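**Student:** okay, here's the prediction I keep looking at, along with the sequence it came from:
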Amino acid sequence: MMNWTELISSKRLGTKPAVKQTELYNRTQFQRDYDRMIFSSPFRRMQNKTQVFPLPGSIFVHNRLTHSLEVASVGRSLGNILSEKLQAAGENNPLITELGSVVSAACLAHDMGNPPFGHAGEEAISSYFRNGKGQNLQLVLQPEEWNDFVYFDGNANAFRLLSHQFNGRRAGGFALTYTTLASIVKYPFESVDIKKSKFGFFQSEKSIYVEIAKELNIKQLADNPLKFVRHPLVFLVEAADDICYQLMDLEDAHKLGILTYEQTKTLFLNFYDPATDTDLLARIENTFHDVLDHNERIAYLRAGVINKLVHECMEVFEQNQAAILEGTFQKSLISQVQGSSKIAMDEIEALSIEKIYKHRSVVEIEISGHQIIGTLLESFTEAILSPDEGYAKLLISLMPIQYRGDHQTTYEKVQSVIDFVSGMTDLYALDLFQKIKGINLPSLG
């Protein structure tokens, strides 16, 4: 069974031995993880990456950056609650007090590997290798390398972004703590013999994850394919993400007029049981006497529901903590909440699929994303594999130096292109696509 004494460590990837927490610093090691990501270029670029709805527009909706900040806020609450419970139960690891910082840092990072154009970007990368010209590469790649591409996953890409030593950069990537890195990996296994398009690390970072898992004594399930159980804090990062994206997408849909005020209000009120939540419902009614603005009312309801779900998810975690530490609990926390919250979440999920994720504006951005990413991958992959061609040299010169290392294998070369394309913002990808296709000429202004 895993234990909290080993699972929480301030040791950093690619650096000297960890700084002792007893030494005086104005920030803890896990707060430093958080700050390193906040001040990084990949994090800032998320402000121009689609969450669900296209951007920019006259109505501000969530992008990857605002979503990640909100997830980090909820994750901090979840981590703090767990910290209090573990301390009350007698856990003596002095780093237990830092769980809120660890979870919030991991939440900041959870989407940093996602390509432009929302989840359609992930599918577009996979589709290029599965159905596009990229399928020709299957013959020159190892099966496990091929799976990394054809089942491309933003979660694995986030781990690569944060841990890989890119050309000209320091060892260990962001040099984050082992515990923060482990808390990001939602699917801690490789893509070999994968049956679904979810895995946690590419072949290129497999040894890094193994190093982290051994240091934290994360339980290993299999050697081939390599598979581990989740670090327990992954469940909190996942819960924070599940809570935020479901509820915030609902609020965005209301602001955009996709859902009416009455529809949205009812969906949020459904989380409360009229028989047992009478005090909370009375408080909501009293607040509505003073707050007349519909957007403010919806925001108030959303905040209350987030608080409710945070505590209910923590109840699930507490009830299953032994199984989580044993590695036998495999479900998301949000899927195990009961009563009115479960009914309300199921209804929101069904409605979101029908009315939000299939809305015309969402479908249009997905179509555009497929075309743009497919074209960029095709152009730069052909260039990187035939670098002596005149046109190829021009294209490669557009790639930042960090992606133009001395790559020896086809796998490494193609991966450098994916690194480049997945790191783009929506607007940069669109601009580069138009220039490559001759649709838009560059200017000096």
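**Tutor:** Received the coordinates, thanks. Residues are numbered from 1 along each chain as shown.
**Student:** low pLDDT regions in the stretch 101-250 of the chain?
**Tutor:** Applying pLDDT under 70 to the stretch 101-250 of the chain flags the ranges 194-197.
**Student:** can you give me the strands in it?
**Tutor:** 220-223, 226-228 (DSSP state E, counting those that start in this stretch).
**Student:** and among those, the most buried is which?
**Tutor:** Highest mean neighbour count of the strands of the stretch 101-250 of the chain: strand 226-228, a mean of 20 (counted as mean count of other Cβ atoms under 10 Å). C-beta coordinates here come from the backbone N, C-alpha and C atoms, glycine included.
**Student:** what packs against that one?
**Tutor:** helix 206-216, strand 220-223 (3 or more Cβ pairs under 8 Å, 6 or more residues apart in numbering; DSSP states H and E).
**Student:** show residues contacting the first one.
**Tutor:** Counting by Cβ atoms under 8 Å, 6 or more residues apart in numbering, the neighbours of helix 206-216 from elsewhere in the structure are 2, 6-7, 9, 11, 13, 159, 163-164, 178-179, 181-182, 185, 188, 190, 200-201, 218, 220, 226, 228, 231.
**Student:** buried set for that helix?
**Tutor:** Residues of helix 206-216 classed as buried: 206, 208-209, 212-213, 216 (neighbour count, 16 or more other Cβ atoms under 10 Å).
**Student:** just to be sure, residue 405 is in a helix?
**Tutor:** No - using DSSP: H, G, I helix; E, B strand; the rest coil, the assignment for residue 405 is coil, not a helix.
**Student:** thinking again about what came up before, with respect to residue 353, which of the buried residues of helix 206-216 is nearest?
**Tutor:** Distance to residue 353 across the buried residues of helix 206-216 (Cβ to Cβ) is lowest for residue 209, with 32.4 Å.
**Student:** how close does that closest one sit to residue 303?
**Tutor:** 36 Å (Cβ to Cβ, to the nearest Å).
**Student:** cool, and residue 185?
**Tutor:** Distance from residue 185 to residue 303, by Cβ to Cβ: 30 Å.
**Student:** the two: which has the busier surroundings?
**Tutor:** Ranked by neighbour count (other Cβ atoms under 10 Å), residue 185 and residue 303 place residue 185 first, with 27 against 12.
**Student:** quick one, what contacts the more buried one?
**Tutor:** Taking Cβ under 8 Å, 6+ apart as the test, what residue 185 contacts is 155, 159, 200-201, 209, 230-231, 234.
**Student:** residue 235 is in contact with residue 333, isn't it?
**Tutor:** Yes - contact criterion Cβ atoms under 8 Å: residue 235 and residue 333 qualify, at 5.5 Å.
**Student:** who touches both of those two?
**Tutor:** Counting by Cβ under 8 Å, 6+ apart, the contacts common to residue 235 and residue 333 are residue 317.
**Student:** which neighbouring elements make contact with whichever strand or helix holds residue 72?
**Tutor:** Here residue 72, judged by DSSP states H and E, is contained in helix 64-88. Packing partners of helix 64-88 (3+ Cβ pairs under 8 Å, 6+ apart): helix 41-45, helix 99-109, helix 233-255, helix 294-319.
**Student:** if you compare those helices, which one is most tucked away?
**Tutor:** Greatest average neighbour count among the helices and strands packed on helix 64-88 goes to helix 99-109 (a mean of 29), per mean count of other Cβ under 10 Å.
**Student:** any idea how far it is from the chain center?
**Tutor:** Its chain's C-alpha centre and that of helix 99-109 lie 12 Å apart, by Cα atoms, centre = their mean, to the nearest Å.
**Student:** next: stretch 380-399.
**Tutor:** Chain-centre distance of stretch 380-399: 31 Å, with Cα atoms, centre = their mean.
**Student:** show me what counts as buried in that stretch.
**Tutor:** Buried residues in stretch 380-399, counted by 16+ other Cβ under 10 Å: 380-384, 392, 395-396, 399.
**Student:** cross those residues against strands and list the overlap.
**Tutor:** Of the buried residues of stretch 380-399, none are assigned to strands by DSSP state E.
**Student:** can you tell me which of the residues you listed are in helices?
**Tutor:** Those of those mapping onto helices are 380-384, 392, 395-396, per DSSP state H.
**Student:** quick one, which of the helices and strands packed on helix 64-88 is nearest to residue 371?
**Tutor:** helix 41-45 (20.9 Å).
**Student:** average model confidence for the closest one?
**Tutor:** If you average the pLDDT over helix 41-45, you get 92.
**Student:** check stretch 314-330 too.
**Tutor:** On average, stretch 314-330 scores 96.
**Student:** off-centre distance for stretch 254-268?
**Tutor:** How far stretch 254-268 lies from its chain's middle: 26 Å, per Cα atoms, centre = their mean.
**Student:** quick revisit: now the buried members of the contacts of helix 206-216.
**Tutor:** 2, 7, 9, 11, 13, 159, 163-164, 178-179, 181-182, 185, 188, 190, 200-201, 218, 220, 226, 228, 231.
**Student:** which pLDDT value goes with the residue nearest to residue 308 when sequence neighbours are not counted?
**Tutor:** Spatial nearest neighbour of residue 308, chain neighbours left out: residue 271 (6.0 Å); criterion: Cβ to Cβ, 6 or more residues apart in numbering. For residue 271, the model assigns a pLDDT of 96.
**Student:** so what's residue 271 up against?
**Tutor:** Shown here is residue 271, whose contacts under the criterion Cβ under 8 Å, 6+ apart are 305, 308-309, 340-341, 344.
**Student:** in three-state terms, label residue 264 for me.
**Tutor:** At residue 264, secondary structure determined by three-state DSSP is helix.
**Student:** mind listing what it touches?
**Tutor:** By Cβ under 8 Å, 6+ apart, residue 264 lies in contact with 250-251, 253-254, 298.
**Student:** change it to 10 Å
**Tutor:** Counting by Cβ atoms under 10 Å, 6 or more residues apart in numbering, residue 264 makes contact with 250-251, 253-255, 258, 294-295, 297-298, 301-302, 348.
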